[in-house]
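Trainee: requesting a structural model of the entry that follows:
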Amino acid sequence: MTEPYLGNPARCAAVLYKYDFVFRKKFGQNFLIDEKVLTDTVKAAEITKDDFVLEIGPGIGTLTQYLAYSARKVCAVEIDRTLLPILDDTLKDFDNVTVLNEDILKTDIKALAEQENEGRPIKVAANLPYYITTPIIMGLFESGAPLDSITVMVQKEVAERMMTGPGSKAYGALSLAVQYYSKPRLAFNVSPASFVPQPKVASAVVCMTRHLKPPVTVTDEKFFFKVIRASFNERRKTLLNGLADFSEFHFTKPEIAEAISRCGFPPAVRGEALSLSDFAALAETLYSLYMVSS
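Mentor: Below you'll find the predicted structure:
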């Protein structure tokens, strides 16, 4: 198998020139051109010859080459049809790569894992389009697919949100969701100079190892996340007002106040003060009230 070569900026530029490629802003295209970042990403993802890897947004195949060199098989999902002939060229010497011209948000990842990896756990690796980072990550977790880990390049600010805890300004619904489904860790930070074109923000690679079992137990997972979303919908509001104003709930303020009191939280508490286990307790209390009143 040919060794990866697109980590070389000159070779990457040559491919872009050969196909007269024009970056499409609507797809958030920023391609990696830093060999160290690419090799470090594969290392952080702990890719081995036993692994099936799902890559999201392969671009011209830069990270794909490095993944293919280390993995048993790679399936790369690319939404931009204009990149397909480039990928045919850059990946022609890698016989363990399949490219799907699909929107990852509409892809049946669980079925893909069944078809391509006999339902065994898969690893995800990607340089994500920053404008849809959260929907992609949540889509992966909620897909029902057997995920072993997710290793992604994201905006540094988003990486901080994934790993922070109660009391931080960065703490929010994404923090809680990522920590409910996985154990996140910061692998390393990445300079804008590692991309073409250069983004206006710093980036970071985050590894999320899927929990075998969530750290908290809830009766209704969808309801649990509705409680979380309502609590951070308007950060200036107290938890009581946020839940009362959430359109998908029909609790009265006295019912919400009672649930908050039963959990032992101060009456004027805000969502950013609650931990994952606190939210689980609140959701279970509200759910019992909801079931009784419905």
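Trainee: for E35, what are phi and psi?
Mentor: Main-chain torsions, E35, degrees, to the nearest 10: phi -60, psi -40.
Trainee: and for it, the neighbour number?
Mentor: With neighbours defined by other CB atoms under 10 Å, the count for E35 comes to 17. In this view, the C-beta of every residue, glycine as well, is placed from N, C-alpha and C.
Trainee: now it: how far from R11?
Mentor: For E35, the distance to R11 (CB to CB, to the nearest Å) stands at 10 Å.
Trainee: where does C207 fall, phi/psi-wise?
Mentor: The phi/psi pair for C207 (degrees, to the nearest 10) reads phi -110, psi 130.
Trainee: for the residue lying closest to it once chain neighbours are set aside, list the residues it contacts.
Mentor: Leaving aside its sequence neighbours, C207 sits nearest to T151 (CB to CB, 6 or more residues apart in numbering; 4.7 Å). When contacts are counted by CB atoms under 8 Å, 6 or more residues apart in numbering, T151 is found next to 41, 44-45, 123-126, 187, 205-208.
Trainee: likewise T217?
Mentor: By CB under 8 Å, 6+ apart, the contact set of T217 is A280.
Trainee: so which elements touch the host helix or strand of L240?
Mentor: Per DSSP states H and E, L240 falls inside helix 239-244. Contact here means 3 or more CB pairs under 8 Å, 6 or more residues apart in numbering; DSSP states H and E; on that basis helix 239-244 packs against helix 221-232, helix 253-262.
Trainee: single out the most deeply packed of those.
Mentor: Each of the helices and strands packed on helix 239-244 was scored by mean neighbour count; the highest is helix 221-232, a mean of 20, by mean count of other CB atoms under 10 Å.
Trainee: you'd agree A13 is in a helix?
Mentor: Yes - counting by DSSP: H, G, I helix; E, B strand; the rest coil, A13 is located in a helix.
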